[in-house]
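> whatever this is, show me its structure:
(chains A and B)
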Number of protein chains: 2
Amino acid sequence: MKKALEGLKVLDLTHAYNGPFCTTLLADNGADVLKIEPPHGDQCRTWGPIDDKSGESGFFAFLNRNKKGITLNLKNEEAREIFYELVKDADVVVENFRPGVSKKLKVDYDTIKEINPGIVYASGSGFGQTGPLKNRPCYDIVAQSMAGMVNLTGFEDSVPTKVGPSIADNVTGIYLCVGVMMALYNKEKTGLGQQVDVSMFDTIFTLLENAIVIQTMKGVTPQRQGNIDPSIAPFDIYATVDGYVAIGVGNDRLFKLFCDLIERPDLLDNPLYATNDLRSQNYRPELQNIIAEWCSNKSKYDIESMCDEIGIPCGPVLDMKEAIDHPHVQAREMMVHQTHPTIGEMYFQGCPIKLSRTPGSVDTPAPLLGEYNEEFYKNVLGFSDEKYKKLIENEVI
Amino acid sequence: MKKALEGLKVLDLTHAYNGPFCTTLLADNGADVLKIEPPHGDQCRTWGPIDDKSGESGFFAFLNRNKKGITLNLKNEEAREIFYELVKDADVVVENFRPGVSKKLKVDYDTIKEINPGIVYASGSGFGQTGPLKNRPCYDIVAQSMAGMVNLTGFEDSVPTKVGPSIADNVTGIYLCVGVMMALYNKEKTGLGQQVDVSMFDTIFTLLENAIVIQTMKGVTPQRQGNIDPSIAPFDIYATVDGYVAIGVGNDRLFKLFCDLIERPDLLDNPLYATNDLRSQNYRPELQNIIAEWCSNKSKYDIESMCDEIGIPCGPVLDMKEAIDHPHVQAREMMVHQTHPTIGEMYFQGCPIKLSRTPGSVDTPAPLLGEYNEEFYKNVLGFSDEKYKKLIENEVI
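All right, here's what the predicted structure looks like:
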């Protein structure tokens, strides 16, 4: 086996972002992912950036690489029967309909497990399959806001700030993948399937680390702190002549080296800065200003080199172009090239989970809408030309 | 089997945050996780919040529930031989030493696979096991900055902003868990082990979704956008009388309902707001101001109710106390109680991956330093009283 999940059959009913991010991780690692779209296509086919020439979504193309695509109108009885046939031979179903919709479509876990009791049935959603808010619509910004992330991001004296990228969506996809793999591992031992339920709301909540423990252990409600860490100082992001740089000086040994670097050995004699705890308490405004001034007439890359030389964790704030071009991104193969049939040459993110013997990779482009229909329905399922035509005529596919 | 990973033996050499977050997911789901600390303990035992009475770290206690703890000084030859014995019978080793350290300690993958070729050996790190920066120290803020997250978070006219909580660390732990489970699944099929390599830098890079595709497809470098979404409007966070509220009006149908709600049906006749694309282009300043004014004299919960009634995605920005107490967090069992032997009653985050047949749960408290030593070395390994005493005297454990 060249990839970890070769032979694993996944029926992918997902759309938009969290569900597809899960099946991308599976597909990158060799699972046979059949993306099943309604005849009008996954809504994310209209999401920007849109390729000028072909009109295809670059976002969809990135997110659905390595998957094969068919259409199937699950609102149609005949289509549903086809889906039930596929379920008999599948290992995993992944969906992220709004809770309740899969039941209406008669493709919910209770229905599917009657057909294939060993199925692993994974459900991503905004608020989960249970709980008072389960039926609510949810955007990434709503999950980030309600689960506590937004109030902890940004500056004390400014408004609460959402995390730029949609981390509620993509981390939900990653957790969903963990759940699928755990359920599959368990099935290897027991032969039994089960449902996996992961929500964007729960996901964000688990990322808040000690903010929750501070609240429950100390009774203190943590507030956003901008770019500092309340328990380490200096630890901040500073303006430079050509952008910003992050510096973290985690202990007394490093602080000594840092004071030498900025040519302020006198700071070591200042009792306000004698320990990390004292530095944390007394960082603002004076120590912050001293370092900000030191940074203000240097380049972010020069500061990075100087800190790196003496072992102080430091790095420039990179914009998208700078990050993509960074030699480390290149060396880690975190950007990959792919030729898409209508967009042409594409260049997007690769695989973050590096498996030494069975590495994941980006091999085949995302499917055009219904691209695999003819081959699948005629050659894999063995339908006649006539039957295939009827499926189209009757809006089954 | 009551939990998905029952019987899975994990040797946990991790410290601080990303590695332990991976083994927490494994332990919550039934794996037998043996946390192996140096005699001075995981550095994270000193991280706040610290319990006043016992001096224990609440953060450590939350992060290491469900694990058993022994000490073992891997710098010592005899300790290493004990570790090699444990490896013979283990399924998984997880570590997050700085790359190079595991080799110095002679517990790197190349050494361990000679003893147990089927081992799944998982390595979390700042920059990964390969690439030009592999040996660099890394904090969460550095990974967030260099991989592009910081530049995409915060407001256009303000400084780049780090995500409050340490998402480079915890999402790396989640990816590491995906890698472990994929490698275990593959081992079930092939009998072969392998190494899993996940870095904080790569992890952050994969969370940036279409920012990367916008850069490579359009040649435009995305900039931070505060709380708006460049392709949906209205989509923002607004001030209310008692905090903030997130509202996302994703399409024309919802915009009509929203205009009725705010009693501004005239906006529907304004050609500037005729489509979502036009609203996105023309949102600021006027449409933003109209909605901000409407929100400014209402409570965040009232706005939530009004939007919920008509199906508009919306949610209040909750602080830590409000989020913890939210009925949905409670219903989803995302907060759990646990009695710790020295801290006493604790209350912290539960399990986000809901498995229907083998649910994860929080059962046993985090180990005190070396708490399991005597039972483990005497009863599990069968060492005599004398030998056990010698291990302590010789600083082997």
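> quickly list the domain ranges of chain A.
Taking automatic domain parsing as the criterion, chain A consists of the domains A:9-207+A:328-393, A:235-317.
> need the winner for burial among these.
domain A:9-207+A:328-393 (a mean of 21; mean count of other CB atoms under 10 Å in any protein chain shown). C-beta here means a position set from N, CA and C on the backbone, and glycine is covered the same way.
> excluding its backbone neighbours, what's nearest the residue nearest the centre of chain A?
Central residue of chain A (CA atoms, centre = their mean): residue A:170, 2.6 Å from the mean position. Using CB to CB, 6 or more residues apart in numbering or on different chains and skipping the chain neighbours, the partner closest in space to residue A:170 is residue A:21 (5.0 Å).
> what about the one you found, helix or strand, and which?
Element membership for residue A:21 (DSSP states H and E) is helix A:18-28.
> now that helix: mean pLDDT?
Throughout helix A:18-28, pLDDT has a mean value of 98.
> name the helices or strands packed onto it?
Contact partners of helix A:18-28 among helices and strands, from 3 or more CB pairs under 8 Å, 6 or more residues apart in numbering or on different chains; DSSP states H and E: strand A:9-12, strand A:32-37, helix A:58-63, strand A:92-95, strand A:120-125, helix A:167-190.
> next up, the contacts around the nearest residue to residue A:173 once chain neighbours are set aside.
Among residues not flanking residue A:173 along the chain, residue A:21 sits closest, at 2.8 Å (CB to CB, 6+ apart). Counting by CB atoms under 8 Å, 6 or more residues apart in numbering or on different chains, residue A:21 touches A:63, A:169-170, A:172-174.
> now residue A:242
A:299-301.
> now for the residue nearest to the centre of chain A: which residues touch it?
Here residue A:170 is in contact with A:17-18, A:21, B:206-207, B:209 (CB under 8 Å, 6+ apart).
> read off the pLDDT value for it.
For residue A:170, the predicted pLDDT is 97.
> ditto for the one 4 residues further on
In the prediction, the pLDDT value recorded for residue A:174 is 98.
> ok, now residue A:250?
88.
> so it makes contact with residue A:233?
No: judged on CB atoms under 8 Å, residue A:250 makes no contact with residue A:233 at a distance of 9.5 Å.
> spit out the residues that contact these two alike.
Shared contacts of residue A:250 and residue A:233, counting by CB under 8 Å, 6+ apart, come down to residue A:276.
> which other helices and strands contact the helix or strand of chain A with the lowest mean pLDDT?
Sorting the helices and strands of chain A by mean pLDDT, DSSP states H and E puts helix A:276-282 at the bottom, at a mean of 94. Applying 3+ CB pairs under 8 Å, 6+ apart, one finds that helix A:276-282 makes contact with helix A:252-261.
> residue ranges in the stretch 201-350 of chain A under the pLDDT threshold?
Within the stretch 201-350 of chain A, no range satisfies pLDDT under 70.
> switch the cut-off to 90
Counting by pLDDT under 90, the stretch 201-350 of chain A shows low-confidence ranges at A:230-231, A:250.
> hey, where'd the helices end up in it?
A:210-213, A:252-261, A:276-282, A:288-296, A:300-309, A:320-325, A:327-331 (DSSP state H, counting those that start in this stretch).
> nearest to residue B:392, out of those?
Judged by CB to CB, the one of those that comes nearest to residue B:392 is helix A:252-261, at 29.0 Å.
> which elements pack onto that closest one?
helix A:276-282, helix A:300-309.
> now do it against helix A:288-296, angle only.
60 degrees (axes from the mean of the first three to the mean of the last three CA atoms, to 10 degrees).
> stretch A:266-277: end-to-end distance?
End-to-end span of stretch A:266-277 (CA to CA, to the nearest Å): 19 Å.
> from the chain's centroid, how far away is that stretch?
41 Å (CA atoms, centre = their mean, to the nearest Å).
> ok, and what's touching that stretch?
Residues from elsewhere that reach stretch A:266-277 (CB under 8 Å, 6+ apart): A:231-233, A:250-252, A:255-256, A:259, A:278-279, A:282, A:286-287, A:290.
> at 7 Å what do you get?
Applying CB atoms under 7 Å, 6 or more residues apart in numbering or on different chains, the external contacts of stretch A:266-277 come out as A:232-233, A:251-252, A:256, A:259, A:278-279, A:282, A:287.
> now the angle between strand A:120-125 and the helix holding residue A:21, please.
140 degrees.
> off-centre distance for helix A:18-28?
9 Å.
> keeping just the C-alphas, turn that helix into PDB.
Only the C-alpha atoms of helix A:18-28 are listed here, as PDB (Å, rounded to 0.1, in the frame of the first residue of the first chain):
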ATOM      1  CA  ASN A  18     -16.200  21.500   7.200                       C
ATOM      2  CA  GLY A  19     -17.300  18.200   5.700                       C
ATOM      3  CA  PRO A  20     -15.200  18.500   2.600                       C
ATOM      4  CA  PHE A  21     -12.100  19.400   4.700                       C
ATOM      5  CA  CYS A  22     -12.600  16.100   6.400                       C
ATOM      6  CA  THR A  23     -12.900  14.100   3.200                       C
ATOM      7  CA  THR A  24      -9.900  15.900   1.700                       C
ATOM      8  CA  LEU A  25      -7.700  14.600   4.500                       C
ATOM      9  CA  LEU A  26      -9.100  11.100   3.800                       C
ATOM     10  CA  ALA A  27      -8.600  11.400   0.000                       C
ATOM     11  CA  ASP A  28      -5.100  12.900   0.300                       C
END
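> that one vs helix B:167-190, what angle?
50 degrees.
> the inter-axis angle of helix A:18-28 versus strand A:32-37?
Going by the same axes, to 10 degrees, helix A:18-28 makes 150 degrees with strand A:32-37.
> follow-up on the earlier one: could the contacts of residue A:170 go into CSV alongside distance to residue B:219?
Below are the contacts of residue A:170 laid out as CSV (distance: CB to CB, whole Å):
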residue, distance to residue B:219
A:17, 24
A:18, 28
A:21, 25
B:206, 22
B:207, 22
B:209, 18
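> go ahead and confirm residue A:70 touches residue A:36.
Yes: Residue A:70 is within contact range of residue A:36, at 5.9 Å (criterion: CB atoms under 7 Å).
> intersection of neighbour lists for the two?
In contact with both residue A:70 and residue A:36: no residue, using CB under 7 Å, 6+ apart.
> wouldn't residue A:100 be in contact with residue A:134 here?
No: counting by CB under 7 Å, no contact exists between residue A:100 and residue A:134, whose distance comes to 8.0 Å.
> residues from the stretch 251-397 of chain A in reach of chain B?
A:308, A:311, A:313-321, A:323-324, A:327-329, A:331-332, A:334, A:347-349, A:352-358 (CB under 7 Å from any CB of the partner chain).
> swap in 6 Å and give it another go.
Applying CB under 6 Å from any CB of the partner chain, we find that the stretch 251-397 of chain A lies next to chain B at A:313, A:315, A:317-321, A:323, A:327-328, A:331-332, A:334, A:347-349, A:352-358.
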